[in-house]
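Enquirer: Based on what follows, work out the 3D shape:
(chains A, B and C)
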Amino acid sequence: MSAVFEPIAPRLAPIKTEGPVPWVRANLFGDWKSSLTTLVLIGLALLYLPPLLDWALWRAVLQPDAEACQQARGTGACWGAIVEKHRLVIFGRYPFGDQWRPLLATVLLVALLVASCTRPLWSRWLVLLWVVGLAAFFVLMAGGVFGLEEVPTDRWGGLPLTIMLATLSIALAFPLAILVALGRRSHLTAIRTVCTLYVELIRGVPLISVLFMASFMFPLFMPQGVTIDVLLRVLVGITLFAAAYMAEVIRGGLQAIPNGQVEAAQSIGLSYWQTQRKIVLPQALAMVVPGIMNNFISIFKDTSLVTIVSLYELTGATGIAFADADWRPFKIEAYLFITAIYFAFCFAMSRYSLWIERQLNRSKTR
Amino acid sequence: MSATRIAPRQPPRKRDWNWRSQYVRGLAFQILALALIAFVVWFLAHNTLANMRARGIQSGFDFLLGPAGFDIGETMIRYDALDPYWKAFLVGLLNTLRVALIGIVLTTVIGALIGIGRFSRNAIVRGLCYGYVELFRNVPVLLQLLLWYLLFTEVLPATYEAWNAADLFFLSKGGVAIPAPVWGLGQSLAAAGAAIGLVFAHAYRQWARRRFEATGTALPTLLPSVAIVLAVSVGGWVIGGAPTAWNLPRQGEIMVEGGLVATPEFLAVLFGLVMYTAAFVAEVVRAGIQSVSHGQVEAASSIGLSRGQSMRLVILPQALRVIIPPMTNQYLNLTKNSSLAVAIGYPDVVSIGNTAINQTGRAVECIAIIMLVYLSTSLATSTFMGWYNKRAAIKER
Amino acid sequence: MSAVPAAAATDHIIAFDKVNKWYGDNFHVLRDIDLHVRRGERIVICGPSGSGKSTLIRCINRLEEHQQGRLVVDGTELTDDVKSIEKTRRQVGMVFQQFNLFPHLTVIENLTLSPMWVGKLPKKDADERAMQQLARVRIAEQAHKYPLQLSGGQQQRVAIARALCLTPKIMLFDEPTSALDPEMIKEVLDVMIELARGGITMLCVTHEMGFAKAVADRVIFMDQGQIVEQNTPAEFFGNPKSERTKDFLSKILGH
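Expert: The predicted model follows:
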């Protein structure tokens, strides 16, 4: 061993592991099974993709011409049907000339939702903003004031209805869910039993049965002579449904708060409601934001079920838009169109939810 | 130290009944809450009865004994329009269970494969699995059911010129028709034999395990088990007279006749539910596999276990513990989502209930029946999975 | 709310009379506890885990309920009565083993929470009082940080300041240094010794026998829910009477 230490300068690795070629070698042709799979999949793609692209793009009919579409049936997609019917699909049976109103109203709601999701804006003003925003939404949709033509609720439909149902039901379900979650953890037996029964009952039945209940039974619940709007019934039904699932998510957050927090609050003299309001809920709710976002995405998808009780949101509006004989054969293209719309919304929301979760985890390990 | 006797058991509580006692306040609050709920329930019930009287609708479950008066598209038991309502509901229930049970099996298999595929060495496979999950999770299930149904009714050939394979399997707008054995004594005994064979196979596995623990020689268990089940089953069939009669489908003039038929409604509901739920199951499986820390894999290989052994003995048992509760949830979701069959025309219990409400006006009773059916299936599934979960759980201090 | 006769009240600020507590039906965790604490007395309670020492002091601010016997704190008997519980909790401050600071509030917000919401103090006065207490525990410069940004020793000192903001007559400590790194124990003990020298009534459950020898007026040894022996530190450590006490002391002082 020599007495003098001679440092060795760093050199490049002899076999490259970074870069496109090594990546392909490792991930597509790693071993014989992987290579075989790659070749088979590429083969299948070459076999089936061109005819699919043919149908979807190259030979598709883009003009809103029923004749041309009929002739191209089987060989080309009829995107012209979308061009023809897209306003019926997106806005439902809302009067044609006034469709700028639901458009504006939807943009307003979406802006409110995006604003609610950015943390810096969480304050008392947000609640006020919501109240004003919702009021503006209803004024725009229903009309009757400010010179706007009145539009009854059974003409509301399409995308605005989807977004409205999802947003309103989650907003209303939120306070109810907090109360039910606290109730399930209460020491008072009666309260705990009632809340548990409510949650287990709702979670054990499909949404469609709750909607049936809302649609068929709520009119019977009203005192004689009082009628209740279909939209309101469905909204109450979805709210009750959403609240049960959200209560479980919030309860998970409540359980994650160490008992010591409640004991410390008690030892400095805070009452039960003071403890929940100032200590437990702020921490629990911050923890379950990703879970609540998932609830929202589920409810957003579930609004499509109101079609079955005759409220024509996006899915239902498509069905009735394509009921006439000329365009009925091209329903598939229409459904694919709204699939794309739902996918865009839900995918964006789930990406956002993942991002929030990562932010939360980062702030925990400070 | 004092020599007083230490009382071993808790004495009965003496309560002082005073307005400022925590106990009394809690009690008062509960009584108030219950009274409020009771009042609301009474109010709703009172209005309901008044409204029903005004509309001339009777209440009560006696309508279940009257004739239904409507036909049902597909039934698993014999049924015609003169049968009572309760039988119609039973047909609906059986249809729901049929699609739910087959759906659960298929979705577990497909979901597990896709979940494991997310860890594949091949980037294309990983990408395809990821794409599948994102695509099928972010589209409403009702829309998926409608799309599948449209696909089957538009794209499949007409019933008078069905596509067939070897004249045995037929595919058309009327659904899928496959040959089915004519069910006689032989088949019943074969089924019974299969069940008995399972018991024998289980006994064999116990015996093989005991020999392994005593002597260290591992006997093969999979092939012999399968052989035992097959042998006893074939034995039963032979005893039953070895019947070979088959119900074969044939191309008729207007449609395909005979064979075991799966209607396009059933297929649409099944495919839609399975593809949708499989995306969620894949995520559950992926999370379960990821939850087992890499240190476990390293430890397993450091004690000499092969990849297959470490997967079977170390990874999967731990992954299962994380997978089972959310998996139960997905099974329940699939069962509940089968209620959407009403939008397609598959006669499940919700669809039958809907028809019943329209015909008799007894909304409260029919909805109560529907909810009861789903609550019981949810309870049954949860209980079964709870038992299975306890078996798989890791014992903690 | 029953008042204890005046003569006894000036003598004892805490009085346990044949107090018994059970967990469930069969676990008898406090057995016939008779304990009288004088105003300004400093008591250290020690014993093996499961002996009931934490349960004992948690009964004093009603974090635990006793089922039998009489417990009087500063003239108020502790029962189910909500008003008596509220009054007691305002007089008794508690410091926990796990600190239990509120992570979503800053240090000063942790301190002003009770004075503002329970003591109905205006914000200015609450802030002033909070800064005073923070200075007392020598951590005033961290007032606007969040608890998770502080070290364990700093967090526990904030917890002590939070309890002091109630201007309590009694301070309870439940193993305050057990969750701390060895290097941080001294800073917390120094604060506690300073507090003790200031004349407040203190009950401290701890294994730090150096602290007991420095400031305690009385050392109590508990085992299996009973008070086995209690004496001045000199007598307790120098001349333990019971075999059980001798056994315990040999184990914790031996190494």
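
Enquirer: Now residue C:33: phi and psi?
Expert: Main-chain torsions, residue C:33, degrees, to the nearest 10: phi -80, psi 120.

Enquirer: my guess is it meets residue C:18, correct?
Expert: Yes: the pair residue C:33 / residue C:18 is scored as a contact, 7.4 Å apart, by CB atoms under 8 Å. (Each C-beta comes from the backbone N, C-alpha and C, glycine too.)

Enquirer: what helix or strand is the spatially most central residue of chain A on?
Expert: Nearest to the geometric centre of chain A sits residue A:297, at 2.5 Å (CA atoms, centre = their mean). For residue A:297, the host element (DSSP states H and E) is helix A:289-302.

Enquirer: Quick one: check that helix for contact with chain C.
Expert: No: with CB under 8 Å from any CB of the partner chain as the criterion, chain C is not reached by helix A:289-302; the gap is at least 13.6 Å.

Enquirer: Could you pull up the mean pLDDT of the following helix or strand past that helix?
Expert: Counting by DSSP H and E, the element after helix A:289-302 in chain order, helix or strand, is helix A:314-321. Helix A:314-321 comes out with an average pLDDT of 88.

Enquirer: for residue A:12, helix, strand, or coil?
Expert: Three-state assignment for residue A:12 (DSSP: H, G, I helix; E, B strand; the rest coil): coil.

Enquirer: Relative to residue B:374, how far out is it?
Expert: 64 Å (CB to CB, to the nearest Å).

Enquirer: Next: residue B:43.
Expert: From residue B:43 across to residue B:374, the span is 27 Å (CB to CB).

Enquirer: okay, now residue 67: neighbour count?
Expert: Went with chain A since none was named. 10 (other CB atoms under 10 Å in any protein chain shown).

Enquirer: Let me rephrase: I mean chain C.
Expert: Neighbour tally, residue C:67, other CB under 10 Å: 15.

Enquirer: now swap in residue B:178 and tell me
Expert: Residue B:178 has 16 neighbouring residues, counting by other CB under 10 Å.

Enquirer: Okay, and the beta partners of it?
Expert: With DSSP bridges as the criterion, residue B:178 is bridged to residue B:260.

Enquirer: what residue ranges in the chain score low on pLDDT?
Expert: With no chain named, the answer covers chain A. A:1-3, A:118-122, A:363-366 (pLDDT under 70).

Enquirer: Not quite, go with chain C.
Expert: Applying pLDDT under 70 to chain C picks out residues C:1-10, C:254-255.

Enquirer: what does it put close to chain B?
Expert: Proximity of chain C to chain B, by CB under 8 Å from any CB, involves residues C:20, C:22, C:24-26, C:28, C:31-32, C:34, C:67-68, C:79-85, C:226-228.

Enquirer: Narrow these to those in strands?
Expert: Residues of the residues of chain C next to chain B located in strands (DSSP state E): C:20, C:22, C:28, C:31-32, C:34, C:68, C:226-228.

Enquirer: quick one: which of the residues you listed is nearest chain A?
Expert: Lowest distance from chain A to these (CB to the nearest CB) belongs to residue C:22, with 17.9 Å.

Enquirer: Alongside chain A, which residues does the stretch 201-350 of chain B contribute?
Expert: Residues of the stretch 201-350 of chain B lying near chain A (CB under 8 Å from any CB): B:332, B:336-337, B:339-340, B:342-343, B:350.

Enquirer: Select, from those, the two members most distant in space.
Expert: Across these, the longest distance by CB to CB is 20.1 Å; it joins B:332 and B:343.
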